[in-house]
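Colleague: Mind looking at a prediction? Sequence and model below.
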Amino acid sequence: MMFDNTCKLIGELYSTDFATWLLGEPMTLTVLSPTGLTWEPMRTDGVILLQSNEVVLHIQFQTQPDESLPFEMAYYYVRIYERFPDKQIHQVVIYLEKTTSEQVYKTTFSIENLHHEFEVIRLWEQSPDTFIKSIGLLPFAVLSATGNKVKTLQQVAETIDKLPQKQTQSHISAATAILASLVLEEEVIERLLRKDIMRESIIYQSFEAERRNKKVREIALNLLAEGISIEVVARSTGLPPEAVQQLQQQQTKE
């Protein structure tokens, strides 16, 4: 989830670069909120909906394969079409982490009288040149089909250092560090990327907040497993009692 949301933030900040990559032209896109597209709760982690006057670009970032994804892509398509029947709809699933699962090769959802297709991109099969040449896509270079990931990260770091705006350096450096952790050791990443710059980015701050929240939830689950009461767990972790109760229900279902 943390990696998917990092990609989502990068896509929203550098939507023109994503349009150039996925649509073939550098059009200006604005963020479209998923609110109103569904009649029941659906995943929004890693989901980006971008729109222009002519097109809606729906991107779904995935770290792990998910059997329900083809259905969700069809579902989103119908809901987007309901709101924008005159716009072209382009859907892309981008898989971040290499896997041997056949699920990442599925590009269709088919049931009786319904057949839906969407595009799938597996980053580990893409040329690093695709990402090195574009500022907003730089964080993906280390996940691409590069023979030397450390050397690629070093090349990305050198490119970041040459960027004219400090804010851009901060965002791209933070996103690069987060995604690189999928394939490289933290020591290598910290040696090549400047942590003092990335700390200023909302991407880094969101990642750290999410990581802290995940750790607190893990502690709460461990305490609940030991039979500690909801009230004590809430006081110990700082979580609202309602959140602890939800964790307990989740634990019971598992």
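Modeller: Perfect, thanks for sending it. Numbers count the residues shown, from 1 in each chain.

Colleague: where do the helices sit along the chain?
Modeller: Taking DSSP state H, the helices of the chain run over residues 2-13, 15-23, 69-83, 129-132, 149-161, 166-180, 186-192, 195-198, 202-225, 230-237, 241-253.

Colleague: quick one: buried residues of the first one?
Modeller: In this case it means helix 2-13. By neighbour count on 16 or more other C-beta atoms under 10 Å, the buried set for helix 2-13 is 2, 3, 4, 5, 6, 7, 8, 9, 10, 11, 13. Yep, even glycine has a C-beta here, placed from its N, CA and C like the rest.

Colleague: cool, the fourth one as well?
Modeller: Along helix 129-132, the positions that meet the burial threshold by neighbour count (16+ other C-beta under 10 Å) are 130, 131, 132.

Colleague: swap in the fifth one?
Modeller: Residues of helix 149-161 classed as buried under the neighbour-count rule (16+ other C-beta under 10 Å) are 149, 150, 152, 153, 154, 155, 156, 157, 159, 160.

Colleague: hmm, back to that, which one, of the helices of the chain, ends up nearest to residue 114?
Modeller: With C-beta to C-beta as the measure, helix 69-83 is the member of the helices of the chain nearest residue 114 (7.3 Å).

Colleague: Mind giving me the packing neighbours of the closest one?
Modeller: Contact partners of helix 69-83 among helices and strands, from 3 or more C-beta pairs under 8 Å, 6 or more residues apart in numbering; DSSP states H and E: strand 55-62, strand 88-95, strand 108-111, strand 114-117.

Colleague: How many neighbouring residues does residue 25 have?
Modeller: By other C-beta atoms under 10 Å, the residues close to residue 25 number 10.
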